[in-house]
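A.B. asks: Pasting the sequence and the predicted coordinates here, then a few questions.
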Amino acid sequence: TIGGLSSDLYNSGIYYTPLQKLWYYEVLITDIAVDSNSLGLDCKEHNYDRTIVDTGTTNMRFPKRVYKSILNHIQHKVQIMERPFSPSFWSGDEVMCWEDAMLPFQVFPTISLSMYHSENSLFKLHIPSECSLLVDDKLTSAPR
């Protein structure tokens, strides 16, 4: 809703984070956690060079060091699966296929972004695996 709120589009409170710079829609991330486990990085790492919100996109980009830490935490979480993931899956060069389309959502963890709200106050934006995994239902198995 332009210029207002539509209560049928949300079912809980709405939280705001102040913009650090208006031109870029720059915000401040205070922590990142994977499955409730903090990455343990300095706040400056999360926001280097800056953290920008783009409401017109569905992708998240992180500084290389932060991205590698997130990936390591996710790998640690899913390594308990019976089915191993190849290194080419983690590099983005290979896809994984499941018979049960819901399985990856049960296996992959939630990523949480702690967002600065005000002095001594933050809120967490939880991103479940349903929102962080790219599902391609157009892929089919190779001919036999």
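C.D. replies: Received the coordinates, thanks. Bear in mind that the values here come from a model prediction, so they are computed numbers and not experimental data. Numbering: from 1, shown residues only.
A.B. asks: And for residue 106, the neighbour number?
C.D. replies: Here the number of neighbours of residue 106 (other CB atoms under 10 Å) works out to 8. Using the backbone N, CA and C atoms, a C-beta is placed for each residue, glycine as well.
A.B. asks: Give the phi and psi angles for the closest residue in space to residue 110 that isn't next to it in sequence, as a check.
C.D. replies: Taking CB to CB, 6 or more residues apart in numbering, and ignoring the residues beside it in sequence, residue 110 has residue 128 as its nearest neighbour in space, at 5.0 Å. Backbone torsions for residue 128, taken as degrees, to the nearest 10, come to phi -70, psi 160.
A.B. asks: what does residue 8 give?
C.D. replies: Torsion angles, degrees, to the nearest 10, at residue 8: phi -80, psi 0.
A.B. asks: For residue 25, grab the count of nearby residues.
C.D. replies: Around residue 25 there are 14 residues (other CB under 10 Å).
A.B. asks: right, and residue 29 touches residue 43 too?
C.D. replies: Yes: between residue 29 and residue 43 there is a contact at 7.4 Å, judged by CB atoms under 8 Å.
A.B. asks: higher neighbour count, the two?
C.D. replies: Higher neighbour count among residue 29 and residue 43: residue 29, with 19 against 14, using other CB under 10 Å.
A.B. asks: Next, the contact list for the nearest residue to that one once chain neighbours are set aside, please.
C.D. replies: The spatial neighbour of residue 29 that comes closest, neighbours along the chain excluded (CB to CB, 6+ apart), is residue 46 at 4.2 Å. Residue 46 is in contact with 29-32, 62-63, 66, counting by CB atoms under 8 Å, 6 or more residues apart in numbering.
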